[in-house]
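1. can't give you the sequence, but here's the structure:
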Ligand SMILES: Nc1ncnc2c1ncn2[C@@H]1O[C@H](COP(=O)(O)OP(=O)(O)OP(=O)(O)O)[C@@H](O)[C@H]1O
């Protein structure tokens with residue numbers, strides 16, 4: 001019999017996650033799966049459960065939670081020979097991965113998507129010894145993005161990041177960054193370096209409109225040292241999908257990127273606090289399979 005594991009973070013979203021488990025179980029049983037439910041109690045439980053699913057050759061893993069739960073779940077797939085197909089029920093406030101795959105943001109509708117027989121093969125990013133599904137940010141601004149509170153995100157959605165970003169930009173200074181890719185090196189003062197895998201970054205679907213989940217590329221943005229006026233124009237470009245054409249932004253795509261700095265700089269990965277620099281980033285093309293809507 002086919003095996004499925006539901007990984008659920010009961011604290012995610014508006015704490016309604018447990019209500020949805022029964023619905024997901026019913027759908028999976030109707031599809032012929034034997035189902036087990038693994039409820040997270042603390043950080044990294046989702047990684048531990050997903051790793052166990054790989055070792056036990058489970059066919060399907062469903063992540064019910066926000067981007068944090070999804071990030072921890074996919075990290076259970078690292079270096080595994082058997083990687084279960086993934087299903088996603090987004091309960092967070094941003095849900096970049098679901099947006100990029102056209103999975104409905106309404107949990108009830110996302111659950112119905114699990115009846116779909118369509119599976120998409122998508123890229124995953126590797127940062128040092130960790131996987132990521134959506135985005136890595138490095139630099140002084142990245143730290144402030146980690147401090148956006150759950151209340152702010154619930155109230156403002158993606159705009160909570162923009163608000164925090166503007167607030168920080170006024171008082172933050174740039175730092176020296178050295179970014180190497182494909183034999184080229186960029187060195188200079190930067191406020192933020194962002195690597196995106198999909199078109200949706202922090203809920204903004206126009207940051208990299210052409211990025212697709214299976215293009216085998218890291219989409220990279222260097223935001224140079226900018227003044228307050230440029231901050232406003234960078235923000236506007238972000239909203240209107242023209243960020244990469246901004247004069248203070250360097251945009252490139254790559255399969256591998258190295259990032260170093262002489263300063264002590266932290267990172268944000270898939271919306272969570274990440275490790276300090278240096279970073280080795282790499283795309284893992286067509287690495288996982290995800291259930292997506294049929295339309
Ligand atoms: N039982 C639990 N209680 C509290 N925190 C948990 C529990 N299980 C997992 N976590 C942690 O909760 C963090 C946040 O989860 P997640 O991002 O899925 O939800 P969210 O904060 O509601 O979503 P978003 O950040 O998109 O608003 C995860 O990084 C995880 O480590």
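-> Right, received. Where do you want to start? Please read all numbers here as calculations on a predicted model, not as lab measurements.
2. show me how far stretch 24-36 is from its chain's centre.
-> Centre-to-centre, stretch 24-36 and its host chain are 27 Å apart (Cα atoms, centre = their mean, to the nearest Å).
3. could you do stretch 248-264 as well?
-> On Cα atoms, centre = their mean, the centre of stretch 248-264 falls 18 Å from the chain's centre.
4. just the buried positions in it, please.
-> Neighbour-count burial for stretch 248-264, counted by 16 or more other Cβ atoms under 10 Å, picks out 248, 249, 250, 252, 253, 254, 257, 258, 259, 260, 261. C-betas here are computed from N, CA, C, even on glycine.
5. note down every partner strand of whichever strand or helix holds the fifth one and its orientation.
-> For residue 253, the enclosing helix or strand under DSSP states H and E is strand 249-254. Sheet pairing of strand 249-254 (DSSP bridges) gives strand 218-224 (antiparallel).
6. show the average pLDDT along the strand it pairs with.
-> Per-residue pLDDT over strand 218-224 has a mean of 92.
7. follow-up on the earlier one: what comes into contact with the strand holding residue 253?
-> Identification of contacts with strand 249-254 by Cβ atoms under 8 Å, 6 or more residues apart in numbering yields 181-182, 186, 217-224, 234, 237, 243-244.
8. pLDDT averaged over that strand, what's the number?
-> Mean predicted confidence for strand 249-254 is 93.
9. same question, stretch 284-295
-> Stretch 284-295 comes out at a mean pLDDT of 95.
10. buried residues in it?
-> Within stretch 284-295, the residues scored as buried using 16+ other Cβ under 10 Å are 284, 287, 288, 290, 291, 292, 293.
11. got those residues as JSON lines, with secondary structure columns?
-> Below are those laid out as JSON lines (DSSP: H, G, I helix; E, B strand; the rest coil):
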{"residue": "284", "secondary structure": "strand"}
{"residue": "287", "secondary structure": "strand"}
{"residue": "288", "secondary structure": "strand"}
{"residue": "290", "secondary structure": "strand"}
{"residue": "291", "secondary structure": "strand"}
{"residue": "292", "secondary structure": "coil"}
{"residue": "293", "secondary structure": "coil"}
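12. with that, I have no additional questions.
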